[in-house]
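**Q** below is the structure, and that's it, no one-letter string:
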Ligand SMILES: Nc1ncnc2c1ncn2[C@@H]1O[C@H](COP(=O)(O)OP(=O)(O)OP(=O)(O)O)[C@@H](O)[C@H]1O
Ligand SMILES: Nc1ncnc2c1ncn2[C@@H]1O[C@H](COP(=O)(O)OP(=O)(O)OP(=O)(O)O)[C@@H](O)[C@H]1O
Ligand SMILES: [Mg+2]
Ligand SMILES: [Mg+2]
């Protein structure tokens, strides 16, 4: 077996909560708290979870837009923390990001041509002529035309802007694309176009994706494997087929059963979980889900469950699947 | 279902915005009705006119630049479009209430939850004492499933989670016992587990209080899960209307078909998603033919020059598409329900 393209171990990001005029640290937001996973070359890892669970923070640490509090990130066989400045610059080329709001992430005063050329300039790729050629090439690849290079972001629809965001991410020939809610702001009919485009590009350019989203249907559609996050932790990680047909963690079960299915003939048992998500600045002790869990046991409020493989390719962090609690 | 009385009838409604860029017919000759005690879904993509339809019914279209430029909204023997501001305020307080997507913007951050609920109650029961209003407020909070109501009543909106704020909004909308509740994307800003709670609450209340609900959403899942009948909008018009099962099992309009096929299904993996080509039309883009023709794979010459009527395809099902005319063999069934 070949080595995964990306290996993440024990990743943490704690944000300090500052108070008073002196900005004394009065606490911490445990945005990401001990997350480990790997991504194989050419596959798509989906990350799902409700708002504030740490999906974007995870993505931003992989992009090195945020310095991890703890943990290691290994990309293409090398630890990112060990890289020299020059090597880091190269690595940055190979990991690119696509954002949720294409409008906010495109400079409104720059033409599309300039926006797409910028990553090439930053990384010193090609001369003026080559760069122009590449801009035109990628505009076509994402389903736009070379004449669009002269236009400005406001002249495009949401779906077209997301195509531009994708083209920009592709300019440096990256291996890994981290897409943070890339279709959440789009209308259903446009969302399907962008998802199809992303799948085609993956095949043609042999891309690896980390696809972050809160829409479980979209994530199932695009992902080979899926990780479910809750309050900064990865509570379940499995092949998408196996996760969706047989979720193990009570939170995953509740989450999947809460999604409205666009089929009025379909009835299913809903697991309604009560209460709200606790604050990540003051997470519950033990398993962070125990305050809302319908299957809570004594151990759950005391001991943090670790993510463990309980079936081939299916890991879960839940005491129900310990030796004692084997279901 | 069909024998239920029609409570509210929207007929040929037209709402236009007069902007510097010209006239925008945000709602362009729409027809639908809401029946007693039902949950009616209005679904469509952004800018198709869902919110403007709702605001038109409520008499809350921002004016200027907006104005109802045609049609009637019949309710309780009156045409709401003809009422004065003052009369309309009465209808809003008593008969028709509305909740919005983002509850924070409709709650006043400076007043406690209790204060705002009691104020809403006292508007309708002018002779009530403070204590009576407070008791009723607590009762309403329990009705919508808000916990620890005695404490919560003293808290401010920012102290509540999004789901709790939406419950407060529902409670406020229900204080007057409305006959129709319009919910404009009530769960779009919420997480799915919280959305499930709010949708369940709305279904329960609809059953218990027999309040008719207009559920506005862009999410076909929400429609399938909560609504009995559905109106599909596109480009300011109704393109299809029917009972939820019929609409999903046998969609008539190419747009509805495309929309249903575009949604990824969580239960099984589709190899490739169907996608409707082109973009959602900009409102105001003048178009004489069918609004959907430019994106429709079945479009023919007539579609580009003439806007189809709403055809009745079965007693409960209507579609705005010429294909129906072509498909239909018997001219007798070709009832045009709207000229
Ligand atoms: N710069 C920051 N300073 C302090 N707290 C932060 C910062 N960035 C994120 N957080 C907190 O970290 C937690 C995780 O945030 P994150 O944005 O990763 O969530 P998410 O899963 O992407 O949510 P969403 O679905 O809403 O995008 C949240 O509680 C958030 O408030
Ligand atoms: N105040 C306004 N001024 C000018 N035009 C407006 C105004 N409000 C709405 N419109 C126009 O009317 C059209 C219909 O808007 P509406 O808010 O009803 O859409 P919607 O279906 O509710 O969309 P969404 O799903 O995004 O909420 C919009 O595309 C917009 O251009
Ligand atoms: Mg995020
Ligand atoms: Mg709206």
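**A** Yep, it's here. What you see is a predicted model; the values in this text were computed from it and never measured. Ligands and ions are numbered 1, 2, ... in the order given.
**Q** what residues does chain A put near ligand 1?
**A** Chain A comes close to ligand 1 at residues A:15, A:29, A:31, A:49, A:51-57, A:214, A:280, as judged by Cβ under 6 Å from any ligand atom. Every C-beta, even on glycine, is put in place using the N, C-alpha and C of the backbone.
**Q** just send those back as a markdown table, with distance to residue A:249 and neighbour count too.
**A** Listed next are the residues of chain A next to ligand 1 as a markdown table, based on distance: Cβ to Cβ, whole Å; neighbours: other Cβ atoms under 10 Å in any protein chain shown:
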| residue | distance to residue A:249 | neighbour count |
| --- | --- | --- |
| A:15 | 25 | 16 |
| A:29 | 23 | 20 |
| A:31 | 20 | 24 |
| A:49 | 11 | 27 |
| A:51 | 18 | 14 |
| A:52 | 18 | 17 |
| A:53 | 13 | 26 |
| A:54 | 16 | 26 |
| A:55 | 16 | 23 |
| A:56 | 21 | 21 |
| A:57 | 21 | 23 |
| A:214 | 17 | 18 |
| A:280 | 18 | 21 |
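**Q** nearest to residue A:147 among the residues you listed?
**A** Residue A:147 lies nearest to residue A:56 out of those, by Cβ to Cβ, at 34.3 Å.
**Q** look at the residue in the stretch 201-339 of chain B positioned nearest to chain A and tell me its secondary structure.
**A** Closest contact between the stretch 201-339 of chain B and chain A, by Cβ to the nearest Cβ, is at residue B:221 (3.1 Å). Assigned by DSSP: H, G, I helix; E, B strand; the rest coil, the conformation of residue B:221 is helix.
**Q** and the top helix by length along chain B, what other elements does it pack with?
**A** Using DSSP state H, we find that the single longest helix of chain B is helix B:192-209. Taking 3 or more Cβ pairs under 8 Å, 6 or more residues apart in numbering or on different chains; DSSP states H and E as contact, the helices and strands that helix B:192-209 lies on are helix A:250-258, strand B:39-43, helix B:162-174, strand B:212-217, helix B:220-226.
**Q** what two of the residues of chain A next to ligand 1 are the furthest from one another?
**A** A:15 and A:214 (20.7 Å).
**Q** spatially nearest residue to the residue of the stretch 201-339 of chain B closest to chain A (excluding sequence neighbours)?
**A** Closest residue in space to residue B:221, ignoring its immediate chain neighbours: residue A:260 at 3.1 Å, by Cβ to Cβ, 6 or more residues apart in numbering or on different chains.
**Q** how about residue A:93?
**A** Once flanking residues are discounted, residue A:93 sits nearest to residue A:172: 4.2 Å by Cβ to Cβ, 6+ apart.
**Q** got a pLDDT number for the single nearest residue of the stretch 101-250 of chain A relative to ligand 1?
**A** Nearest residue of the stretch 101-250 of chain A to ligand 1 (Cβ to the nearest ligand atom) works out as residue A:214 at 5.2 Å. If you check residue A:214, the pLDDT there is 90.
**Q** quick one: residues contacting it.
**A** A:48-51, A:55, A:181, A:184, B:191-192 (Cβ atoms under 8 Å, 6 or more residues apart in numbering or on different chains).
**Q** please apply the same query to residue B:137.
**A** Each residue near residue B:137 by Cβ under 8 Å, 6+ apart is listed here: B:114, B:117-118, B:121, B:153, B:171.
**Q** can you tell if the lengthiest helix in chain A touches chain B?
**A** Using DSSP H, we find that the single longest helix of chain A is helix A:188-205. Yes - shown here: helix A:188-205 in contact with chain B (Cβ under 8 Å from any Cβ of the partner chain) through A:188-193, A:195-196, A:199.
**Q** that helix vs strand B:39-43, what angle?
**A** Angle between the axes of helix A:188-205 and strand B:39-43 is 50 degrees (criterion: axes from the mean of the first three to the mean of the last three Cα atoms, to 10 degrees).
**Q** any idea which residue sits dead centre in chain A?
**A** Residue closest to the average C-alpha location in chain A (Cα atoms, centre = their mean): residue A:212, at 3.0 Å.
**Q** how much space between that residue and residue A:172?
**A** Distance from residue A:212 to residue A:172, counting by Cβ to Cβ, to the nearest Å: 20 Å.
**Q** repeat for residue A:60
**A** For residue A:60, the distance to residue A:172 equals 18 Å [Cβ to Cβ].
**Q** one more: residue A:289?
**A** Look at residue A:289 and residue A:172: by Cβ to Cβ, they are 39 Å apart.
**Q** which residues in chain B form helices?
**A** Going by DSSP H, chain B shows helices at B:50-58, B:85-94, B:103-106, B:113-124, B:130-143, B:149-152, B:162-174, B:192-209, B:220-226, B:244-249, B:254-262, B:301-305, B:322-327.
**Q** pLDDT score for residue A:193?
**A** Per-residue confidence at residue A:193 stands at 91 (pLDDT).
**Q** ah, wrong one, I meant residue B:2
**A** 56.
**Q** now do residue B:334
**A** So, for residue B:334, pLDDT stands at 43.
**Q** cool, residue B:327 as well?
**A** pLDDT for residue B:327: 68.
**Q** OK, now which residue of the stretch 101-250 of chain B is nearest to ligand 1?
**A** For the stretch 101-250 of chain B, Cβ to the nearest ligand atom, closest residue to ligand 1: residue B:191, 8.1 Å.
**Q** number of residues surrounding that residue?
**A** By other Cβ atoms under 10 Å in any protein chain shown, 22 other residues sit near residue B:191.
**Q** residues contacting it?
**A** Taking Cβ under 8 Å, 6+ apart as the test, what residue B:191 contacts is A:50-51, A:214, A:277, B:162-163.
**Q** one more time with 6 Å
**A** Shown in contact with residue B:191 (Cβ atoms under 6 Å, 6 or more residues apart in numbering or on different chains): A:50-51.
**Q** on that earlier part again, what about the residue of the stretch 101-250 of chain A closest to ligand 1, which SS state?
**A** Under three-state DSSP, residue A:214 comes out as coil.
**Q** contacts only, for residue A:189.
**A** Contact partners of residue A:189, counting by Cβ under 6 Å, 6+ apart, are B:262, B:276.
**Q** hmm, 8 Å instead?
**A** Applying Cβ under 8 Å, 6+ apart, the residues contacting residue A:189 are B:45, B:258-259, B:262, B:275-276, B:280.
**Q** export those residues to TSV and tack on pLDDT?
**A** Formatted as TSV, the contacts of residue A:189 follow (pLDDT from 0 to 100):
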residue	pLDDT
B:45	89
B:258	95
B:259	95
B:262	94
B:275	91
B:276	92
B:280	79
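**Q** who wins on neighbours among these?
**A** Highest neighbour count within these, by other Cβ under 10 Å: residue B:259, with 27 neighbours.
**Q** roughly how far apart are it and ligand 2?
**A** Going from residue B:259 to ligand 2 by Cβ to the nearest ligand atom, to the nearest Å gives 13 Å.
**Q** give me every residue that touches that residue.
**A** Counting by Cβ under 8 Å, 6+ apart, residue B:259 has contacts A:188-189, B:45, B:220, B:232, B:276.
**Q** closest one of the residues you listed to ligand 2?
**A** For those, the nearest to ligand 2 is residue B:45 (6.6 Å; Cβ to the nearest ligand atom).
**Q** contacting residues for that closest one?
**A** A:187-189, B:218, B:234, B:259, B:280.
**Q** residue 211: what's it in contact with?
**A** With no chain named, the answer covers chain A. For residue A:211, the contact set (Cβ under 8 Å, 6+ apart) comprises A:44-47, A:179, A:182, A:219, A:222-223.
**Q** oops, chain B please
**A** B:37, B:174, B:177-181, B:205.
**Q** now those residues in a markdown table, with pLDDT?
**A** As requested, these are exported to a markdown table (pLDDT from 0 to 100):
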| residue | pLDDT |
| --- | --- |
| B:37 | 94 |
| B:174 | 89 |
| B:177 | 87 |
| B:178 | 92 |
| B:179 | 94 |
| B:180 | 96 |
| B:181 | 96 |
| B:205 | 91 |
